[in-house]
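[1] Sequence and predicted structure below; questions after.
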Amino acid sequence: MVDPQGTGKRLRAARQAAKCSAQELAEKLGVSKNYLLRVERGDELPPKQLSLERIRAACRILGVSADWLLGMSRRGGPKKARRGV
């Protein structure tokens, strides 16, 4: 089962490792900055607007695997985000 709070933490870690602002990523994913920040904090449970296409796009933009982002694997995350996330 996917842990939405863990997914949010990994999303933030990957975004920061990619030096991508929340505004920039939100625009690329077609969601609001506030929505993206709620997902990263784990306040948006489950993250309803993060469709499969948006998750795939986020992974492509941030250079991480979907398995890592969803907490199904410890491999595939950005180098800076792999530790402690």
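    Yep, that arrived. These figures come from a predicted structure and were not determined experimentally. Numbering: from 1, shown residues only.
[2] Where do the helices of the protein begin and end?
    Using DSSP state H, the helices of the chain run over 4-17, 22-29, 33-41, 52-62, 66-69, 79-82.
[3] Can you tell me what sits against the second one?
    Helix 22-29 is contacted by residues 15, 32-33, 35-37, 40, 50, 54, 57-58, 61-62 when judged by CB atoms under 8 Å, 6 or more residues apart in numbering. C-beta coordinates here come from the backbone N, C-alpha and C atoms, glycine included.
[4] okay, who's weakest in those by pLDDT?
    Scanning the contacts of helix 22-29 for pLDDT, the low point is residue 50. It has 75.
[5] Just the pLDDT for the residue nearest to it when sequence neighbours are not counted.
    Leaving aside its sequence neighbours, residue 50 sits nearest to residue 39 (CB to CB, 6 or more residues apart in numbering; 6.5 Å). You'll see residue 39 listed with a pLDDT of 91.
[6] So residue 39 sits against residue 48, correct?
    No: taking contacts as CB atoms under 8 Å, residue 39 lies outside contact range of residue 48: 9.5 Å.
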